[in-house]
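[1] here is my input; please provide its structure:
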Amino acid sequence: MAWLHLLAAGILEIVWAFSMKQSQGFSKPTPTVITLVAMIASFWLLAMSMRTLPLSTAYAIWTGIGAVGAFLVGTLILGEPANALKITAAVLIVAGLVLMKVASAS
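    Got it, this is the predicted structure:
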């Protein structure tokens, strides 16, 4: 269950990052509210996952999901430019997440 909490927390991190961008510096009410609600829910789910998972694993995976997810949303939805170096960085983050998961199983 901790892994599901962590996955949901990571997805909500992507949601709040995207809605924060859409809020235009918290000047638009609806995206601002979505940002705040998603942040609170993301932190709560992260805390729930940390009841079982080690801090080093949970936090690294949470931030990694958010980083790669924000990169994908920025590129695919917002049309931000992606180049080989950015894509390589995202792939390396995913590889690190996989290694962190594998390492936590032992």
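
[2] roughly how far apart are the residue most central in space within the chain and Leu92?
    Nearest residue to the geometric centre of the chain (Cα atoms, centre = their mean): Gly66, 1.7 Å. Distance, Gly66 to Leu92, using Cβ to Cβ, to the nearest Å: 15 Å. Just so you know, the C-beta spots here come from the backbone N, C-alpha and C atoms, and that holds for glycine as well.

[3] who's in contact with the residue nearest to the centre of the chain?
    Gly66 sits next to 10, 13-14, 17 when contact means Cβ atoms under 8 Å, 6 or more residues apart in numbering.

[4] any idea how far it lies from Leu4?
    Distance, Gly66 to Leu4, using Cβ to Cβ: 17 Å.

[5] and which of the contacts of Gly66 is nearest Ala41?
    Of all the contacts of Gly66, Glu13 has the smallest distance to Ala41: 9.8 Å, by Cβ to Cβ.

[6] quick check: which element contains the closest one?
    Using DSSP states H and E, Glu13 sits in helix 2-22.
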